[in-house]
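K.L.:
Need a 3D model of the sequence below.
(one chain, ligands or ions: 1)
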Amino acid sequence: MRIGHGYDVHRLVSSRKLILGGVEIPHYLGLLGHSDADVVTHALMDALLGAAALGDIGTHFPDNDPAYAGASSLTLLGRVMELLRQAGWQVENADMTILAQQPKLKGHIPQMRQNYARVMGVPVDCISVKATTEEGLGFTGTEQGIAAHAVVLLQTLKNPADGEI
Ligand code: MG
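P.N.:
As a prediction, this is how the structure comes out:
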């Protein structure tokens with residue numbers, strides 16, 4: 001088994017969509033970034049790559065590469081899953097925490113879990129997404145940005161044939 005941790009931050013700005021866990025969330029601010037700036041999915045990808053010691057998303061999907069301008073982070077997550085399978089790993093579970101003062105995310109979490117379960121090819125009860133505020137403190141508390149943590153556990157592929165593309 002292997003454990004991995006990922007962390008990411010994106011700045012909140014006007015005139016951008018707010019996309020978290022592949023869900024477009026109605027809000028007057030959105031996250032700034034080269035891709036869709038889905039900070040939770042970025043933390044998750046870094047946790048997955050970290051557990052497998054396969055580098056980080058900056059090396060696999062450089063933010064100066066026009067190919068990734070406006071890219072769907074769920075699509076990039078699918079590519080990370082391919083890399084893991086090729087390296088002989090499968091996901092046991094993933095646990096994410098979103099740090100955001102606003103908006104309230106509770107109602108969107110079931111859809112985020114469904115999105116991750118679909119793209120990662122695991123049951124939805126292997127995926128946890130939680131949200132918290134930081135009580136008005138720091139850059140998340142003052143709504144300058146949103147941060148996310150992810151922790152994942154990988155296992156060696158039970159059926160190595162699953163790793164063949
Ligand atoms: Mg990022």
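K.L.:
CA atoms only for whichever strand or helix holds N93 - export them in CSV, please.
P.N.:
In the assignment (DSSP states H and E), N93 maps to strand 89-99. Provided in CSV are the C-alpha atoms of strand 89-99 (Å, rounded to 0.1, in the frame of the first residue of the first chain):
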residue,chain,number,x,y,z
TRP,A,89,-1.6,0.8,-8.8
GLN,A,90,-5.3,1.0,-8.0
VAL,A,91,-7.1,3.4,-5.6
GLU,A,92,-8.4,2.1,-2.3
ASN,A,93,-9.9,5.4,-1.1
ALA,A,94,-9.5,9.2,-1.3
ASP,A,95,-10.5,11.8,1.3
MET,A,96,-10.6,15.5,0.4
THR,A,97,-11.1,18.6,2.5
ILE,A,98,-12.1,22.0,0.9
LEU,A,99,-11.3,25.2,2.9
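K.L.:
Tell me the strands beside it, with direction?
P.N.:
Partners of strand 89-99 in the sheet, by DSSP bridges, are strand 127-132 (parallel), strand 145-156 (antiparallel).
K.L.:
Summarise which helices and strands the helix or strand just after it is packed against.
P.N.:
Downstream of strand 89-99, the next assigned helix or strand under DSSP H and E is helix 109-120. When contacts are defined as 3 or more CB pairs under 8 Å, 6 or more residues apart in numbering; DSSP states H and E, helix 109-120 packs onto strand 23-24, helix 73-86, strand 89-99, strand 127-132. Backbone N, C-alpha and C define where each C-beta goes, glycine included.
K.L.:
got the contact list for helix 109-120?
P.N.:
20-23, 40, 44, 74, 77-78, 81, 91, 94, 122-124, 126-131 (CB atoms under 8 Å, 6 or more residues apart in numbering).
K.L.:
Tell me how far the closest residue to S72 other than its chain neighbours lies from the ion.
P.N.:
Leaving aside its chain neighbours, S72 sits nearest to D36 (5.8 Å; criterion: CB to CB, 6 or more residues apart in numbering). Distance, D36 to the ion, by CB to the ion, to the nearest Å: 10 Å.
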